[in-house]
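Asks: Make a model of this:
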Amino acid sequence: MTGTEPAVPLIDTSRPHPARVYDWFLGGKDNYPVDEELGRRITAMQGGDAPRHARANRRFMARATRAVVRETGIRQFLDVGSGIPTEPNLHQVAQSVAPDARVVYVDNDPIVLAHAEALLSGTPQGATGYVQADAREPERILERAATVLDFDRPVALSLIALLHFIADDDGAHDLVDTLVGALAPGSCLVLSALTADFDPENVHRGVAAYAASGVTLVARSHAETGQFFEGLALLEPGIVSLSDWRPDADENGEKEGPVSLYGAVGLKR
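Replies: Here you go, the predicted structure:
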């Protein structure tokens, strides 16, 4: 298991963890009562939208990953805040298009580490690895990911539903600047992040519910989201609601409607 820590740290079940709440939204089993309680509370106050938004986020990840492979030729991915394995995982999407794709997953939740083997079963031609680290440790991430990825060649940095758990004053921009700054020209940033621009009342309720459970949740405007892409060339259609980022009519037949997350792909020249 390339890049994996040797021991699984203690899992804290006394407070919810974003990766496990997200797993509950997606119908997964790798969560605890404290995660389910928060998930149910948010779902009830948002009229059932939270699970729908989580599914839309997974579909955006798949569409963006395929677009990156096909349109940029990138064959390396660094997925920070990967979460609990949920098929299709990023490496399955990338390697279905390019079997030689190399992927490194990063997360800080011990339960993700416990299931890391599911993230490491890629194609024989490619490679997958896992790094146990906090997103606020970009230098550590880069150092350990370099055992699988060649940072002298283009890499797609995937920050899917991560940055809304990191406030600006907690280093959100510093971690993006450090990670993107280490990437070679031709690399790209794939990002999705919460916004209150479309449904402020429900989103602010969700932010408050997370805060009451001790979890930071930040909703950023279109302009604030755009700051993460400064200096990058946005692929069409730019920064838009996930449901408007190259929608695929054949995806599960689910009509998404407005989704309170922005998504975009930016290319480093």
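Asks: what about residue 162, distance to residue 194?
Replies: From residue 162 across to residue 194, the span is 10 Å (Cβ to Cβ, to the nearest Å). Just so you know, the C-beta spots here come from the backbone N, C-alpha and C atoms, and that holds for glycine as well.
Asks: quick one: the strands in the chain?
Replies: Taking DSSP state E, the strands of the chain run over residues 76-80, 102-107, 127-132, 156-160, 188-194, 233-234, 240-241, 261-267.
Asks: Let's have those in a markdown table, adding distance to residue 54, mean neighbour count and mean pLDDT.
Replies: Shown next, in a markdown table, are these (distance: least, Cβ to Cβ, whole Å; neighbours: other Cβ atoms under 10 Å; pLDDT from 0 to 100):
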| stretch | distance to residue 54 | mean neighbour count | mean pLDDT |
| --- | --- | --- | --- |
| strand 76-80 | 16 | 27 | 98 |
| strand 102-107 | 16 | 28 | 95 |
| strand 127-132 | 22 | 25 | 92 |
| strand 156-160 | 11 | 24 | 98 |
| strand 188-194 | 11 | 25 | 98 |
| strand 233-234 | 24 | 14 | 98 |
| strand 240-241 | 15 | 18 | 96 |
| strand 261-267 | 10 | 25 | 98 |
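Asks: So which of those strands is nearest residue 225?
Replies: Closest to residue 225 of those is strand 261-267 (Cβ to Cβ; 4.7 Å).
Asks: which strands and helices sit next to that closest one?
Replies: In terms of contacts (3 or more Cβ pairs under 8 Å, 6 or more residues apart in numbering; DSSP states H and E), strand 261-267 is packed against helix 49-72, strand 188-194, helix 222-226, strand 233-234, strand 240-241.
Asks: And the helices in the stretch 1-150 of the chain, which stretches?
Replies: 18-25, 33-45, 49-72, 90-97, 110-114, 138-145 (DSSP state H, counting those that start in this stretch).
Asks: so of the helices and strands packed on strand 261-267, which one's packed in deepest?
Replies: Ranked by mean neighbour count under mean count of other Cβ atoms under 10 Å, the helices and strands packed on strand 261-267 are led by strand 188-194, which reaches a mean of 25.
Asks: contacting residues around it?
Replies: Contacts with strand 188-194, where a contact means Cβ atoms under 8 Å, 6 or more residues apart in numbering, come from 57, 60-61, 64-65, 68, 72, 74, 154, 156-164, 176, 180, 203, 217-220, 225, 228-229, 232, 235, 242, 260-268.
Asks: hmm, 7 Å instead?
Replies: Strand 188-194 is contacted from outside by 57, 60, 64, 68, 72, 74, 156-161, 163-164, 180, 203, 217-220, 225, 228-229, 232, 242, 260-268, using Cβ atoms under 7 Å, 6 or more residues apart in numbering.
Asks: in the chain, which segments are predicted with low confidence?
Replies: 1-9, 46-48, 118-119, 249-257 (pLDDT under 70).
Asks: Need the residue closest to the centroid of it.
Replies: Closest residue to the average C-alpha location of the chain: residue 160 at 2.0 Å, with Cα atoms, centre = their mean.
Asks: Hmm, residue 61 and that one touching each other?
Replies: Yes - using Cβ atoms under 7 Å, residue 160 makes contact with residue 61 at a distance of 5.0 Å.
Asks: residues contacting the nearest residue to residue 124 once chain neighbours are set aside?
Replies: Leaving aside its sequence neighbours, residue 124 sits nearest to residue 99 (Cβ to Cβ, 6 or more residues apart in numbering; 8.0 Å). For residue 99, the contact set (Cβ under 7 Å, 6+ apart) comprises 123, 125-126.
Asks: of those, closest to residue 142?
Replies: residue 126 (20.1 Å).
Asks: how many neighbours does that closest one have?
Replies: For residue 126, the neighbour count with other Cβ atoms under 10 Å is 19.
Asks: Distance-wise, check it relative to residue 183.
Replies: 19 Å.
Asks: again with residue 89
Replies: Residue 89 sits 22 Å away from residue 183 when distances are taken as Cβ to Cβ.
Asks: And for residue 94?
Replies: Relative to residue 183, and taking Cβ to Cβ, residue 94 is found at 16 Å.
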